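Novice: any chance you could fold what I've pasted below:
(2 chains)
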Protein chains: 2
Amino acid sequence: VAKTVGVIGGGQLARMMIVPAIELGFEIKVLAEAEASPAKLAATVGDYTDLETVRAFAKSVDVITFDHEHVPLHILETLVSEGVSVQPQPSALLYAQNKLAMRKKLAELDVPIPDWAEVKNAEDIDLFLAKHSGVAILKTAVGGYDGKGVRVIRSSADAEDWLSFGTPLLIEEKVDFARELAQLSARNPSGQWLAWPVVETIQKDGVCAEVHAPAANANFHEAARVAEIIAKGLGVTGVLAVELFETSDGRLLVNELAMRPHNSGHFSIEGSVTSQFEQHLRAVLDLPLGSTEGASAFAVMLNLLGPSTANTFSERFEAAWSLENNSHIHLYGKEYRAGRKMGHITALASESLEAARAQALATYNALLA
Amino acid sequence: VAKTVGVIGGGQLARMMIVPAIELGFEIKVLAEAEASPAKLAATVGDYTDLETVRAFAKSVDVITFDHEHVPLHILETLVSEGVSVQPQPSALLYAQNKLAMRKKLAELDVPIPDWAEVKNAEDIDLFLAKHSGVAILKTAVGGYDGKGVRVIRSSADAEDWLSFGTPLLIEEKVDFARELAQLSARNPSGQWLAWPVVETIQKDGVCAEVHAPAANANFHEAARVAEIIAKGLGVTGVLAVELFETSDGRLLVNELAMRPHNSGHFSIEGSVTSQFEQHLRAVLDLPLGSTEGASAFAVMLNLLGPSTANTFSERFEAAWSLENNSHIHLYGKEYRAGRKMGHITALASESLEAARAQALATYNALLA
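Specialist: Below you'll find the predicted structure:
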């Protein structure tokens, strides 16, 4: 009988997992927050913070995995104690949920990371700032994403509100990076681990705008080495994204982790022999992983951020497709909101990143015109 | 707002249309025969021979298209008269439903076809057999597929049962073909028409077993020329598959037509820039068609026919994926039955058809072992 994958969270990552489930003949069920979720084709609506809801959902599937990192760990720990296969396990997911725990663990594993410290009071901040030329990054340990829960500070006064909330905080060196990279890989519970080539990510206002695959002139070996230590050291299963700073002297420092398919890996749908979404399903079901080689030599992905409710992109398909280039448009079926990730474009080219980017950009401009 | 495509029929073709609908952000609704259909993620159950059911379904979508050719024409004609967009239109679909009408129309268009005649009685058969060395192919005009409704005959006595049913029949020359080809193309209502390179199809017991894309040493120009005449002459919209006989002296004769994605085009999911399923959605929505160029130089597709209820294929994923080759497995989520199309494998290669076939075959053997 075909296995059933259960995904908690009904966003675009769950939506894109439905595709390999259809192709490979797996059953897929999604526990979504709302009726109109991007993953609605496979979704039932329920509250992922309610143990009884998640427990009932778990009974209908062979494995539980995630579209996001926000499921309370105590719920997942209860499921594991009841024999449910949760991938990644809560013992690994902890490090994606909590940046303090993540920094401690990566330091222990001797992975290159920015200088950092736990923040309990204003004094901790002042001390750290004094060591780092008066500027640093303050982060909430939990709950941040896409630039939220992250702040550049120059004095403890800049942190007054967060300190008064009593939310766990950490402070990090503001790395003077040359660019940002992301190392995508996957690991299954049996221990097989496989990496895609490291990619370059370009952020705008804290949100990923563009991905170049593979990254030009990158230290592929070092990026993969770091990801392997993390995947194995933290016991990650499924897809792991390691966001990296590349310094001007070529060092790689780990910025953030995500334990699920990731925006930096969307290029793999057309650009790789095995997409991150197929790989995630294979990994969480403890099946052999697929080749991460390129289906094309170069791929560039551009995110489609909601410009306004007046443009739903799909009304511009005619203009975009009249270009007759090698761009692939993906829309997530979301309600439009300015700045929201509504979809993405991936263009492939055999000759260069520039050739791929020119096509993606032409399609992007046609959709936004 | 995103357009909604309505598909009548819940088989594997509808299932595979769900994938580009998810990717491109189209809504998709399927009218399926049964709850457990391959397309169940998008399906409601209803009887496609009931006008009221089909009419209500049509009201919930922007265009009606098909997983199979069996919807009664009078129902579709009623919908068209009520302003529903039905693609392909019943005036074209007629030729996919009725082989007598098809042969008459193709003769009119001067398309190369086998010699044929309408059969009203035993005398028509005897006359035709006398002209063709005593052997011919007898076909029911409607309702045949995958070798059903087709019979080799050597005397009118072989046709006694069908003649007594009074079902419309035609008789065709038994073409001494060297091999069979299939020319896939697509056309939108605005008239844009685009062909994939012609492929070779290898049948076993009247069922497609294997597809080589592109066909080795084929007359690509002639195959495309014939398909273009048919697509335009019959007013086909959506994907059109033209099954062809290639004679030992290199002539191409049209065997059958299908006006929907077709088994001979499954290779295009990974093998082409635009898959036949995406192209079909684009075409029936009257949007510009996508490139039919190869994403890989060579692709070979093998059908997975149900060997027994003891092997559900998905239990052999471990063995198949341990091969680490460039094969892509597709399963349709069907109940197992011997000889039934349960899924397919497509393997890609840059060097040769043989290299692609060797990989597909290794995966096939691993799944059937």
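Novice: for the stretch 201-350 of chain A, which segments are assigned as strands?
Specialist: Per DSSP state E, counting those that start in this stretch, the stretch 201-350 of chain A carries strands over the ranges A:207-213, A:238-247, A:252-258, A:298-305, A:327-331, A:341-349.
Novice: give the pairing partners of the last one; include direction for each.
Specialist: So that's strand A:341-349. If you go by DSSP bridges, strand A:341-349 pairs up with strand A:298-305 (antiparallel), strand A:327-331 (antiparallel).
Novice: a markdown table for the ones you listed, including mean neighbour count?
Specialist: Quick note: C-beta positions are derived from backbone N, CA and C, even for glycine. As requested, those are exported to a markdown table (neighbours: other Cβ atoms under 10 Å in any protein chain shown):
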| stretch | mean neighbour count |
| --- | --- |
| strand A:298-305 | 24 |
| strand A:327-331 | 24 |
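Novice: now these in a markdown table, with distance to B:F66 and mean pLDDT?
Specialist: Output for the strands paired with strand A:341-349, formatted as a markdown table (distance: least, Cβ to Cβ, whole Å; pLDDT from 0 to 100):
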| stretch | distance to B:F66 | mean pLDDT |
| --- | --- | --- |
| strand A:298-305 | 31 | 96 |
| strand A:327-331 | 24 | 96 |
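Novice: arrange those in JSON lines, one row each, with distance to B:W321 as further columns.
Specialist: Listed next are the strands paired with strand A:341-349 as JSON lines, based on distance: least, Cβ to Cβ, whole Å:
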{"stretch": "strand A:298-305", "distance to B:W321": "23"}
{"stretch": "strand A:327-331", "distance to B:W321": "25"}
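Novice: can I get the lowest-mean-pLDDT helix or strand in chain A as CSV, trimmed to CA atoms?
Specialist: Here the helix or strand of chain A ranked lowest by mean pLDDT, DSSP states H and E is helix A:160-165, holding a mean of 90. Listed next in CSV are the C-alpha coordinates belonging to helix A:160-165 (Å, rounded to 0.1, in the frame of the first residue of the first chain):
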residue,chain,number,x,y,z
GLU,A,160,14.2,48.2,25.6
ASP,A,161,10.9,46.9,24.4
TRP,A,162,12.1,43.3,23.7
LEU,A,163,14.0,43.3,27.1
SER,A,164,10.8,44.4,28.9
PHE,A,165,8.8,41.6,27.2
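Novice: which element follows it toward the C-terminus?
Specialist: Later in the chain than helix A:160-165, the nearest helix or strand by DSSP states H and E is strand A:169-173.
Novice: where does the stretch 251-369 of chain A dip in pLDDT?
Specialist: Applying pLDDT under 70 to the stretch 251-369 of chain A picks out residues A:308-311.
Novice: the same query, at a cut-off of 90, please.
Specialist: A:306-315, A:335-339, A:368-369 (pLDDT under 90).
Novice: close to chain B: what parts of it are there?
Specialist: A:269-270, A:273, A:282, A:287-291, A:295-296, A:312-314, A:317-318, A:321-322, A:324, A:326, A:328-333, A:343 (Cβ under 8 Å from any Cβ of the partner chain).
Novice: now the helices for chain A?
Specialist: A:12-24, A:51-59, A:73-81, A:90-97, A:99-108, A:122-131, A:160-165, A:220-233, A:268-271, A:276-284, A:317-321, A:353-368 (DSSP state H).
Novice: let me see the contact set for A:L184.
Specialist: A:L184 makes contacts with A:195-196, A:199, A:227, A:239-242, A:262, A:264-265, A:268, A:276, as judged by Cβ atoms under 8 Å, 6 or more residues apart in numbering or on different chains.
Novice: who's the one residue in the stretch 251-369 of chain A that gets nearest to chain B bridged to?
Specialist: Closest residue of the stretch 251-369 of chain A to chain B, Cβ to the nearest Cβ: A:L331 (2.7 Å). With DSSP bridges as the criterion, A:L331 is bridged to A:G343.
Novice: any idea how far it is from B:L302?
Specialist: A:L331 sits 33 Å away from B:L302, going by Cβ to Cβ, to the nearest Å.
Novice: what about stretch A:44-54, near chain B?
Specialist: No - against chain B, stretch A:44-54 shows no contacts by Cβ under 8 Å from any Cβ, the least distance being 12.7 Å.
Novice: need the contact list for the residue nearest the centre of chain A.
Specialist: Nearest residue to the geometric centre of chain A (Cα atoms, centre = their mean): A:H262, 2.9 Å. Counting by Cβ under 8 Å, 6+ apart, A:H262 makes contact with A:182, A:184, A:239, A:241, A:276.
Novice: if we compare the strands paired with strand A:341-349, which one ends up closest to B:E77?
Specialist: Using Cβ to Cβ as the measure, strand A:327-331 is the one of the strands paired with strand A:341-349 that comes nearest B:E77, at 33.9 Å.
Novice: check what contacts the closest one and list those residues.
Specialist: Strand A:327-331 has contacts (Cβ under 8 Å, 6+ apart) with A:16, A:266, A:269-270, A:304, A:313-314, A:317, A:320, A:342-348, A:359-360, A:362-363, A:367, B:2, B:23-25.
Novice: contacting residues for A:P114?
Specialist: Going by Cβ under 8 Å, 6+ apart, the list of residues near A:P114 reads A:172-173, A:175, A:245, A:253, A:255.
Novice: what about 6 Å?
Specialist: When contacts are counted by Cβ atoms under 6 Å, 6 or more residues apart in numbering or on different chains, A:P114 is found next to A:172-173, A:175, A:253.
Novice: which two of those residues have the greatest separation?
Specialist: Spatial extent of the contacts of A:P114 (Cβ to Cβ) is set by the pair A:E172 and A:L253 at 9.7 Å.
Novice: that older thread, ranking the helices of chain A by burial, who's on top?
Specialist: Among the helices of chain A, the stretch with the highest mean neighbour count (mean count of other Cβ atoms under 10 Å in any protein chain shown) is helix A:276-284, at a mean of 27.
Novice: that helix: how far from the chain's middle?
Specialist: A distance of 14 Å separates the centroid of the chain from that of helix A:276-284, by Cα atoms, centre = their mean, to the nearest Å.
Novice: what's in contact with it?
Specialist: Applying Cβ under 6 Å, 6+ apart, the external contacts of helix A:276-284 come out as A:5, A:16-17, A:20, A:63, A:65, A:87, A:186, A:188, A:237-239, A:261, A:265, A:268, A:289.
Novice: pull out the buried residues from these.
Specialist: A:5, A:16-17, A:20, A:63, A:65, A:87, A:186, A:188, A:237-239, A:261, A:265, A:268, A:289 (16 or more other Cβ atoms under 10 Å in any protein chain shown).
Novice: tell me how many other residues surround the nearest residue to A:A36 once chain neighbours are set aside.
Specialist: Leaving aside its sequence neighbours, A:A36 sits nearest to A:E335 (Cβ to Cβ, 6 or more residues apart in numbering or on different chains; 6.9 Å). By the measure other Cβ atoms under 10 Å in any protein chain shown, the count of residues near A:E335 is 11.
Novice: how about A:N255?
Specialist: If you count neighbours by other Cβ under 10 Å, A:N255 ends up with 18.
Novice: now do the contacts for the spatially closest residue to it that is not a sequence neighbour.
Specialist: Spatially, and ignoring its direct neighbours in sequence, A:N255 is nearest to A:E243 (4.3 Å; Cβ to Cβ, 6+ apart). By Cβ under 6 Å, 6+ apart, the contact set of A:E243 is A:182, A:255-256.
Novice: same question for A:A299.
Specialist: Counting by Cβ under 6 Å, 6+ apart, A:A299 touches A:213, A:267, A:271, A:346, A:348, A:356.
Novice: now do 10 Å
Specialist: Under the criterion of Cβ atoms under 10 Å, 6 or more residues apart in numbering or on different chains, the neighbours of A:A299 are A:199, A:211-214, A:266-272, A:326, A:328, A:346-349, A:353, A:356-357, A:360.
Novice: quick revisit: now for the contacts of helix A:276-284, which pair is the farthest apart?
Specialist: Largest separation among the contacts of helix A:276-284 by Cβ to Cβ: A:V63 and A:S268, giving 21.2 Å.
Novice: any idea how far A:G294 is from A:E354?
Specialist: 16 Å.
Novice: let me fix that, I meant to ask about A:E33.
Specialist: Relative to A:E354, and taking Cβ to Cβ, A:E33 is found at 40 Å.
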